[in-house]
Structures are given as structure tokens and as C-alpha cells.
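Student: Just need the structure, nothing else, for what follows:
(one chain, ligands or ions: 3)
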Amino acid sequence: MVVLSQQQPPLDNTFIRTCKPVANTLTGIPVIDMASPSSHARLVEACEELGFFKVVNHGVSIDLMARLEACALQFFNMPQADKNRAGPPSPFGYGSKRIGPNGDVGWVEYLLFAAKSASIAHKFNSIAHEDPDTFRRVLEEYVGEMRRVSCEVLERIALGLGLARDALSKLVESEESDSCFRLNHYPPCQEMFQALSGRNLVGFGEHTDPQIISVLRSNNTSGLQIALKDGTWALVPPDQHSFFINVGDSLQVLTNGRFRSVKHRVMTDSRRSRVSMIYFGGPALTQKISPMDSLMGEGEESLYKEFTWCEYKNSVYKSRLADNRLQPFEIAHTKSAAASETDQAVARGAGGQ
Ligand SMILES: C=C1C[C@]23C[C@@]1(O)CC[C@H]2[C@@]12CC[C@H](O)[C@@](C)(C(=O)O1)[C@H]2[C@@H]3C(=O)O
Ligand SMILES: O=C(O)CCC(=O)C(=O)O
Ligand SMILES: [Fe+2]
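Tutor: Ligands and ions are numbered 1, 2, ... in the order given. Sure thing, here's the model as predicted:
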């Protein structure tokens, strides 16, 4: 008799895509030491080159990370019917295999929250858990720390760009900030499946994050991959004590494409479950997003039409994971892309950046 582990999500995996295993491990990942005062320039360089970097000496207690991971696992290990009480994710709540409202699927289950204490407390009315009060308190404490880390990183990026210290962090720090938080659980998938197909099962399909900045922490199971500039995928070696940070679409727009909203995805590990926790730092719904004047070189043309975060979010929720969500907001310029890139590099130089 085959005994299915309690961790297996209930649906079959017929519609979940597979991918060829990726051989390339990301070796030159920029590591930003928050204890070092000279991180500004390296942060800007990492946002331009990869749109992705790792943060160490961040001041978040390892114990807090471990406590949240334990609470999350207690939740994900509950019977399916209990987990379903926190669903469906519309957009916040529990979801399994289905990601977003437009047909994307992956070998993943998750809890999605709005990152505000009142919203978290409200959501806990429907979350079954053996110790819901502890889970809620730990979650609130962790989300508070994520807000701090993202603001500290954004402050340094702003200084590195020659902007006022709070030029970017104020967007996420504001009371009205529309940030969210996600706990993902990728159960192990049958080794047999992988052995037979020689492929990996997609946990979370390729996408960019729409917000300003995302701060990710996972357990020691690999799976995260990022797309490099040449379009190839690279594996990110896990590090459970550090944070991986990526530039989101909104920061790409604010910097007029100078920073890169990095494409990423998660492949499942056949034997070990992956737990990840991600804070998505977003602006207020009414916040206007467009390239910042002070970052534009002389004669540099805006690559994007102005939009509010609310407009962008509405558009995001009509899209599929892998879509280029910024495309409807791009301004078509008559020159060839290559020529205008050269012009803009020259203009930036002239602007003294
Ligand atoms: C398929 C979707 C899920 C998503 C909303 C969307 O329509 C397209 C963007 C997706 C994404 C990716 C980053 C975050 O995980 C997320 C919460 C977000 O803000 O945009 C998810 C959305 C989601 O899972 O609801
Ligand atoms: O779970 C992960 O490691 C990454 C998931 C992700 O990219 C997301 O939720 O947007
Ligand atoms: Fe993501």
C-alpha cells in the first residue's frame, strides 16, 4: 500500500509544467553587508546588473526566522480541510497549486497576507492553527522587521543614486503602503516523477514581482532561479540566514529602466520541502509611479507612461505570471532600442550620475 505523506497537496500534477534541470549555479551573487557603511555603490551596481542581491548582517534575529518557519510548517502540515478554511486567496488567504486568478499553477501551497497588522489580525479569524495567537504575533513581528530591512536597503539605494535618503523608502514606509507578505510551501515531489522524466516540476513559474522591492528568506532547500541578462537561468544557492532581495517592476519604472526587475522562478526539489517567506514592499494605491526627474539624464526620454500603483495592480491581476506586465505602460520611441540605449547611457554620463 502506498501511504501519501501529509505534505502532498491534494490535486494531481497533470497541469503543472516541468523544466529541464538548470546546471548553472549563480556564483557571483552580490553580497551586501548592512554593517558596512560603503554598501551604496555596490547596491546600485547589483540593481543595474542583476536586479538581485543577498543581504547579510541585517539585524533580524535567526530565532525569529526559525519561529515563523515552524509556525508556517505547523499550518501547512494540517489536514487539507483545515487549511482550506483560510482560502481561497482572493487575493489574500490560503491557496494550493493555483497561483493568481488567471489559470497559473505550480507545485506550491501558500498563505498570502496584506502586510498590515489589522489585516493580519482579521485574516486570523479564519486561520486554523494549533497556536494561532503565537503564529499571528510572530508573523506581525517578522513583517515589521521586513519593513525595516526594505526601508534600510531603499535608503542606501537612494543615497547611491544621489537622491535624498528617504526618496524611495518613504514609498514603502508610508502608513498607506500596499505591501504584502507570502508564505510558500513547496512539498517534495515524487522522486520517481523526476527520475522518469529527467525534468524538474515547476513550483512557482517565471515572473517578475510588480512591487518596488521583495525581501525573501527560505529554508536551506534550493529551488530559486533567476534569469541573467543573456536569458539563461541560474540557480541561487540557499542561505537560510540571509535575505535575497529583488528589484520589482515599480522600481524599474522609477529608475527609467536603469534597474532591472529580475525574472525568477522556483523549481521543486524532489526530496526536501522548501519553505519561503517573502515581503513585497509596495507603495500606496494612490502613489503615482513614473521615472524620477532627478534620475533622468539630459535629453533622456521616459520609457514609461505614468500610472498609479492602483492602476498597475488592477492590470497585474488581469495578467498571467509570465506576462510582461509593464508592456502596456511602455512608451514606444521611434529610434531603435540599441540606439536609444546608447543615447541614454551618454545622457546619464552628461547628467553626472
Ligand atoms: C498570476 C498572478 C499571481 C500574482 C498576480 C498575478 O495575476 C500576476 C502577478 C503575481 C504576483 C507575483 C509576485 C507576488 O507573489 C504576488 C503576490 C504579486 O503581487 O504578484 C503574485 C500575485 C498573486 O499570487 O496573487
Ligand atoms: O518561494 C520562493 O522562493 C519565491 C516565490 C516568489 O517568487 C513569489 O512568491 O513571488
Ligand atoms: Fe516572485
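
Student: Ramachandran coordinates for the residue nearest to residue 263 when sequence neighbours are not counted?
Tutor: Spatially, and ignoring its direct neighbours in sequence, residue 263 is nearest to residue 227 (3.9 Å; C-beta to C-beta, 6 or more residues apart in numbering). Heads up, the C-betas are built off the backbone N, CA and C, glycines and all. Main-chain torsions, residue 227, degrees, to the nearest 10: phi -90, psi 130.

Student: contacting residues for residue 227?
Tutor: When contacts are counted by C-beta atoms under 8 Å, 6 or more residues apart in numbering, residue 227 is found next to 206, 233, 234, 262, 263, 264.

Student: what does residue 214 give?
Tutor: Here residue 214 is in contact with 245, 246, 248, 278, 279, 280, 281 (C-beta under 8 Å, 6+ apart).

Student: Could you rerun that using 6 Å?
Tutor: Residue 214 is in contact with 246, 248, 278, 280, counting by C-beta atoms under 6 Å, 6 or more residues apart in numbering.

Student: give me the element it is part of.
Tutor: Counting by DSSP states H and E, the element that carries residue 214 is strand 213-218.

Student: and what of residue 110?
Tutor: Here residue 110, judged by DSSP H and E, is contained in strand 104-114.

Student: Centre of the chain to stretch 312-331, how far?
Tutor: 16 Å (C-alpha atoms, centre = their mean, to the nearest Å).

Student: now check it, is it near ligand 2?
Tutor: No - Stretch 312-331 lies apart from ligand 2 when judged by C-beta under 6 Å from any ligand atom; the minimum separation is 8.9 Å.

Student: Buried residues in that stretch, which are they?
Tutor: 312, 313, 315, 316, 319, 321, 323, 325, 326, 329 (16 or more other C-beta atoms under 10 Å).

Student: for stretch 111-127, same thing?
Tutor: Buried-residue list, stretch 111-127, by 16+ other C-beta under 10 Å: 111, 112, 113, 114, 115, 116, 120, 123, 124, 127.

Student: for those, which one is nearest ligand 1?
Tutor: residue 112 (5.9 Å; C-beta to the nearest ligand atom).

Student: remind me which residues of the stretch 1-150 of the chain are low pLDDT?
Tutor: 1-14 (pLDDT under 70).

Student: Ignoring the adjacent residues along the chain, who's closest to the residue of it found nearest ligand 1?
Tutor: Going by C-beta to the nearest ligand atom, ligand 1 is nearest to residue 100 of the stretch 1-150 of the chain, at 2.4 Å. Leaving out its chain neighbours, the residue that sits closest to residue 100 by C-beta to C-beta, 6+ apart is residue 321, at 6.5 Å.

Student: Tell me what the spatially most central residue of the chain is bridged to.
Tutor: The centroid of the chain falls nearest to residue 214 when counting by C-alpha atoms, centre = their mean (4.2 Å). Counting by DSSP bridges, residue 214 is bridged to residue 246, residue 280.

Student: and it, what pLDDT?
Tutor: Per-residue pLDDT puts residue 214 at 98.

Student: Which of the three states applies to residue 301?
Tutor: Secondary structure, DSSP: H, G, I helix; E, B strand; the rest coil: residue 301 is coil.

Student: now do residue 270
Tutor: Following three-state DSSP, we place residue 270 in the coil state.

Student: Residue 187 is in contact with that one, correct?
Tutor: No - using C-beta atoms under 6 Å, residue 270 is not in contact with residue 187, being 10.5 Å away.

Student: Neighbour count for those two, which is higher?
Tutor: residue 187 (20 against 15; other C-beta atoms under 10 Å).

Student: And that one, how far from residue 17?
Tutor: The gap separating residue 187 from residue 17 is 17 Å, by C-beta to C-beta, to the nearest Å.

Student: Where does residue 325 sit: helix, strand or coil?
Tutor: Residue 325 ends up coil, using three-state DSSP.

Student: residue contacts, it?
Tutor: 316, 319.

Student: give me that answer again for 10 Å
Tutor: Residue 325 makes contact with 207, 208, 209, 210, 249, 261, 312, 315, 316, 317, 318, 319, according to C-beta atoms under 10 Å, 6 or more residues apart in numbering.

Student: Write out the residues of the stretch 151-300 of the chain neighbouring ligand 1.
Tutor: Within the stretch 151-300 of the chain, the positions near ligand 1 by C-beta under 6 Å from any ligand atom are 180, 182, 207, 209, 210, 280.

Student: got the phi/psi numbers for the second one?
Tutor: Spelled out, it's residue 182. phi -130, psi 130.

Student: I'd say it and residue 218 touch.
Tutor: No - the pair residue 182 / residue 218 is not scored as a contact, 11.7 Å apart, by C-beta atoms under 10 Å.

Student: Would you agree residue 149 falls within a helix?
Tutor: Yes - counting by three-state DSSP, residue 149 is found in a helix.

Student: isn't it right next to residue 216, touching?
Tutor: No - Residue 149 is beyond contact range of residue 216, at 11.1 Å (criterion: C-beta under 10 Å).

Student: Quickly list what's touching both of the two.
Tutor: 243, 245, 279.

Student: Could I get the pLDDT score of the second one?
Tutor: Looking at residue 245, its pLDDT stands at 98.
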